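**Student:** sequence first, predicted coordinates after that:
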Amino acid sequence: MVEVKNLVKKYGDHVAVDHLSFTVEKGQIYGFLGPNGAGKSTTMNIMTGYIGATEGEVMIDGHDILKDAEAAKRSIGYLPEIPPVYPDMTVLEYLKFSAELKGIKREAQDAQIQKVMEMTRVTEVSERLIKNLSKGYRQRVGLAHAIMGFPPIIILDEPTVGLDPKQIIEIRELIKELSKEHTVILSSHILSEISEVCDYVMIIAHGRLIAADTTSNLTRMMQGQSTYQFLVRGSEDAVRQALSTVEGLSKMEVKPSAEEGIVDVVTECLGLDEDSSADVRESIFYALAHAECPMMAPSQHVSLEEIFLELTQEQPENNKKEKRRFKIKRAKAEEAQDNGSDL
Ligand code: ADP
Ligand code: MG
């Protein structure tokens, strides 16, 4: 359906998109996940023919977006980051213009506009000027334009930004509905947003693709890295000995802390088993208690969100392990400050 090969976009010396390659198959929801500035919008703007690439190729339904732009664009509906709506038109006027622009036959236009307005729930504001609409409604009008004519590929750049929770749920429902007959590609900088609706996730950072997999595989992979960090009173040997009795730890590091007689422990374990009442944190607690090595600071759980942040914030060439340790320390310092417990 969509094939992106070795895409590069430079703004002067700045590389916004750095040799990005991926393919998108029919009938799924794809998510571009990455922090602000990762290159999501730039990539989408290139895929939809809004801007040119410095290098690389984009094929849409077998059509090159540059060489065969008209045919390629016919297959795409696009909601850019800032919807291209005309403030001085009413919603209906704008959607008539949109239907015309997309080459929908005159006799089919009215029915098409009604259908699209119903799906995006803008019927009740159809006579209002776009400039008088709330951000949420303006976003929906942009979405109505994107799906007008029901092109096979629908690309939505941060479709839920600035919407309230109720509107977010409505848009998610609509995206799921659309995915029954369309390929949907959307972007977000929020992990939960993507994991909620997408079948497939592409994590982008610094213009590069750093992970691409099904949502369930990625979630499993990330959960598989649950990390806990805590301080324990006792000797390194005694603590190591005690923790060696805990099942399910895939990694353990015990080192001296700043305070004498207290060691700093980092453990990694497999994802918590939802069916099991036995939480590995409990096992750790009892093992340490049994060895008379009391836990001095509450366990710090490094969440999925933090792992995502870590994956996307660090330069890939840097040493990830060091970075993670730094992150955990920083999280711990913050926790010590507000004296809260994560347990
Ligand atoms: P995202 O959508 O993931 O937040 P963008 O694609 O908007 O990221 O931006 C990627 C990078 O390219 C950022 O560093 C941004 O500052 C830069 N950038 C985007 N558009 C331009 C532009 N027109 N001129 C110069 N730099 C730009
Ligand atoms: Mg963006």
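**Tutor:** Alright, I've got the coordinates. Ligands and ions are numbered 1, 2, ... in the order given.
**Student:** so who does whatever residue of the stretch 201-343 of the chain ends up closest to ligand 2 touch?
**Tutor:** Of all residues in the stretch 201-343 of the chain, Ile204 sits closest to ligand 2, at 10.3 Å by CB to the ion. Where you see a C-beta, it was placed from the backbone N, CA and C, and this is true even at glycine. Taking CB atoms under 8 Å, 6 or more residues apart in numbering, we find Ile204 in contact with Leu20, Phe32, Leu33, Gly34, Ala38, Gly39, Lys40, Thr43, Ile210, Thr312.
**Student:** by mean pLDDT, point me to the weakest helix or strand of the protein.
**Tutor:** helix 320-338 (a mean of 50; mean pLDDT, DSSP states H and E).
**Student:** returning to that earlier point: filter the contacts of Ile204 by proximity to ligand 1?
**Tutor:** With the criterion set as CB under 6 Å from any ligand atom, the members of the contacts of Ile204 near ligand 1 are Gly34, Ala38, Gly39, Lys40.
**Student:** wait, the first one touches Gly207, no?
**Tutor:** In other words, Gly34. No. Counting by CB atoms under 8 Å, Gly34 does not reach Gly207; the two are 9.1 Å apart.
**Student:** for the ones next to ligand 1 among the contacts of Ile204, which one is nearest ligand 2?
**Tutor:** Within the ones next to ligand 1 among the contacts of Ile204, the smallest distance to ligand 2 is 4.8 Å, found for Lys40 (CB to the ion).
**Student:** list the contacts for that closest one?
**Tutor:** Phe32, Gly34, Asp157, Glu158, Ser187, His189, Ile204.
**Student:** ok, now how distant is the residue nearest to it when sequence neighbours are not counted from Val201?
**Tutor:** Leaving aside its sequence neighbours, Lys40 sits nearest to Ser187 (CB to CB, 6 or more residues apart in numbering; 4.2 Å). Look at Ser187 and Val201: by CB to CB, to the nearest Å, they are 11 Å apart.
**Student:** how about Gly39?
**Tutor:** Gly39 is 16 Å from Val201, by CB to CB.
**Student:** try Cys269
**Tutor:** Separation of Cys269 from Val201 (CB to CB) stands at 23 Å.
**Student:** need the contact list for the residue in the chain positioned nearest to ligand 2.
**Tutor:** Residue of the chain nearest ligand 2, by CB to the ion: Ser41 (3.2 Å). Counting by CB under 8 Å, 6+ apart, Ser41 makes contact with Pro80, Glu81, Asp157, Glu158, Ser187.
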